[in-house]
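# Sequence unavailable; structure follows:
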């Protein structure tokens, strides 16, 4: 294999592995997939920058022999962004582990229930014809008879107004 085909194959392999890991429910695998995608993008930008040249310093080399500094600046920016998002994902993984001792994203039953409903256009939807469980919060049937008893905050007792 020639060097011109190795780099695109490596980039394609990194992208494929990154997307595969991103589609998993484990947040650790999502983090690894995101890191692979970031590295694949960095290698892609570097390879798109053209052949290596001399340092882009006037007086050090001729302008035709200089390397383009823009891809390198973009890669440094991408590294910082990837680091920030990776730190955020690590914080999510840590929080998930501390709360549930599990870092895998579970199935959302509400999403399954919504997906199982028959498709209706929003203009055709009448809240009065929906089952009580499918009605939006605050629908006339879901509110108690006396609205004065409702408090804005859970900690406040009912009927306590402004002080």
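Received, thanks. Fair warning: this is a prediction, and the values are worked out from it, not measured in the lab.
# Residue 28 and residue 103 touch, don't they?
Yes - under the contact definition of CB atoms under 8 Å, residue 28 touches residue 103, with a separation of 6.0 Å. Backbone N, C-alpha and C define where each C-beta goes, glycine included.
# what's the overlap in contacts for the two?
When CB atoms under 8 Å, 6 or more residues apart in numbering defines a contact, the residues bordering residue 28 and residue 103 alike are residue 93.
# between these two, who's got more neighbours?
residue 103 (19 against 15; other CB atoms under 10 Å).
# list the contacts for that one?
26-28, 93, 96-97.
# Which positions in the helix ranked longest in the chain come out as buried?
The helix that spans the most residues within the chain, counting by DSSP state H, is helix 70-100. By neighbour count on 16 or more other CB atoms under 10 Å, the buried set for helix 70-100 is 71, 74-75, 82, 89, 93.
# and which of the contacts of residue 103 is nearest residue 52?
For those, the minimum distance to residue 52 (CB to CB) is 36.0 Å, reached by residue 28.
# For the closest one, list the residues it contacts.
With contacts defined as CB under 8 Å, 6+ apart, the neighbours of residue 28 are 93, 103.
# Now it: phi and psi?
In terms of degrees, to the nearest 10, the main-chain angles of residue 28 are phi -70, psi -40.
# any idea of the pLDDT on it?
Note on residue 28: pLDDT of 92.
# Quick check: which helices or strands does the host helix or strand of residue 110 pack against?
Element membership for residue 110 (DSSP states H and E) is helix 109-116. Helices and strands in packing contact with helix 109-116 are not found; criterion 3 or more CB pairs under 8 Å, 6 or more residues apart in numbering; DSSP states H and E.
# How far off centre is it?
Centroid separation between helix 109-116 and its chain, computed with CA atoms, centre = their mean, to the nearest Å, is 21 Å.
# quick one: average pLDDT of that helix?
Here the mean pLDDT over helix 109-116 is 79, rounded to a whole number.
# Any stretches of this protein with poor pLDDT?
Applying pLDDT under 70 to the chain flags the ranges 1-3, 118-125, 127, 132-163.
# what residues are up against the residue located most distally from the centre of the chain?
With distances taken as CA atoms, centre = their mean, the residue sitting farthest from the centre of the chain turns out to be residue 59, at 45.4 Å. Neighbour list for residue 59: empty [criterion: CB under 8 Å, 6+ apart].
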